[in-house]
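*Asks:* when you get a sec, could you give me coordinates for this:
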Amino acid sequence: MRSIAAFVLMVSLALSCAAVSAETYHFTLARKAPAAADVPKSKSIGELVVNGSLTMPAYAITVVDGVDGWTTAKPSGMKVVGAKLTAAQASRLAAYSTPSGWMLVPRDWKLLAGGVGADGSTAIVFVPPSGQGYFDFYDASACRGCAETPASLFFPEARADAKRDEYSVYEKSATPLELTRLGKHRMLYRTVVDGQRIDGIAEYDGASDLPYRNWEVSLPAAQRDLATPMLNWFLRAQQSRR
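*Replies:* Okay, here's the model as predicted:
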């Protein structure tokens, strides 16, 4: 249990430690698996029905929770409405029930790592068979420094908050970063590393008890068109966090 909790903590500390030395964030394509004893599991739980007519194979993931030990995520329901998803896209995606809700990834991908810290912070990583890509989810929960440091890369208000609270701050990224603000607390972003595109959504609300979440995906060329429906899925699910 200690090592998987350390994995969750590592996600945030890796961000802040890099900022201390250079104040420059380095996006990377490589993802490291946890120790064998902490590898999360997944099991089939049927099909998720989307918008009344689309179906996708559904799985529940089991990860180590810093409080409860090995815990299987229980979906709130097997039906979802309001998603921007076509039949062609649904036929290439699978749905995973996680501690932070349903997540969509390409059907041939696998769950690489994941865990929930004692403070509620959550990190989940999926990867393709080739290893040339990833999907990352990170929720800082109530940890202010774990929120303000990574959010400082995307939000000037988070940068100001981190400086005020004497946390590490990112002033820039090593690769050019395109930012598009969507609402008061949400930022869409894109960069390219070694010729491969990285797309993401960052959410930050300094006045919230749960200030920061991030979804980031980098897909192999043949699956790159799935980035939009994968990220649109979270825009639908997070409308209340504007």
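
*Asks:* so, low pLDDT: which residues of the protein?
*Replies:* 1-22, 237-242 (pLDDT under 70).

*Asks:* for it, just list every one of the helices.
*Replies:* Assigned by DSSP state H, the chain shows helices spanning 2-22, 87-90, 144-151, 156-164, 227-237.

*Asks:* could I get the second one in PDB with only the CA atoms?
*Replies:* Extracted C-alpha coordinates of helix 87-90, given in PDB (Å, rounded to 0.1, in the frame of the first residue of the first chain):
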ATOM      1  CA  ALA A  87     -21.000   5.200 -33.600                       C
ATOM      2  CA  ALA A  88     -17.700   4.900 -35.400                       C
ATOM      3  CA  GLN A  89     -15.800   6.400 -32.500                       C
ATOM      4  CA  ALA A  90     -17.700   4.200 -29.900                       C
END
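
*Asks:* which of the residues in that helix are buried?
*Replies:* The neighbour-count check on helix 87-90 (16 or more other C-beta atoms under 10 Å) flags 89, 90 as buried. Glycine gets a C-beta too; all of them are placed from N, C-alpha and C.

*Asks:* give me the residues contacting that helix.
*Replies:* 50, 53, 54, 55, 56, 226, 229 (C-beta atoms under 8 Å, 6 or more residues apart in numbering).

*Asks:* over to the third one?
*Replies:* Counting by C-beta under 8 Å, 6+ apart, helix 144-151 makes contact with 12, 15-16, 19, 121, 138, 140, 158, 161-162, 165, 167-170, 202, 204, 206, 211-212, 214, all of which sit outside it.

*Asks:* could you check the angle it makes with helix 156-164?
*Replies:* 130 degrees (axes from the mean of the first three to the mean of the last three C-alpha atoms, to 10 degrees).

*Asks:* can you pull the buried residues of helix 144-151?
*Replies:* Quick answer for helix 144-151 (16+ other C-beta under 10 Å): 145, 146, 147, 148, 149, 150, 151.

*Asks:* CA-only coordinates of it in PDB, if you can.
*Replies:* Extracted C-alpha coordinates of helix 144-151, given in PDB (Å, rounded to 0.1, in the frame of the first residue of the first chain):
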ATOM      1  CA  ARG A 144      -2.900  22.800  -2.300                       C
ATOM      2  CA  GLY A 145       0.700  22.500  -3.400                       C
ATOM      3  CA  CYS A 146      -0.100  19.400  -5.500                       C
ATOM      4  CA  ALA A 147      -2.600  21.600  -7.300                       C
ATOM      5  CA  GLU A 148      -1.000  25.000  -7.500                       C
ATOM      6  CA  THR A 149       2.400  23.900  -8.900                       C
ATOM      7  CA  PRO A 150       1.100  21.800 -11.900                       C
ATOM      8  CA  ALA A 151      -1.700  24.300 -12.500                       C
END
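
*Asks:* not counting its neighbours along the chain, what's nearest the most centrally placed residue in the chain?
*Replies:* Centroid-nearest residue in the chain, with C-alpha atoms, centre = their mean: residue 137, separated by 1.4 Å. Among residues not flanking residue 137 along the chain, residue 124 sits closest, at 4.5 Å (C-beta to C-beta, 6 or more residues apart in numbering).

*Asks:* mind checking how far residue 49 is from residue 167?
*Replies:* Between residue 49 and residue 167 the computed distance is 43 Å (C-beta to C-beta, to the nearest Å).

*Asks:* quick one: residues contacting residue 110.
*Replies:* Neighbour list for residue 110: 126, 127, 129 [criterion: C-beta under 8 Å, 6+ apart].
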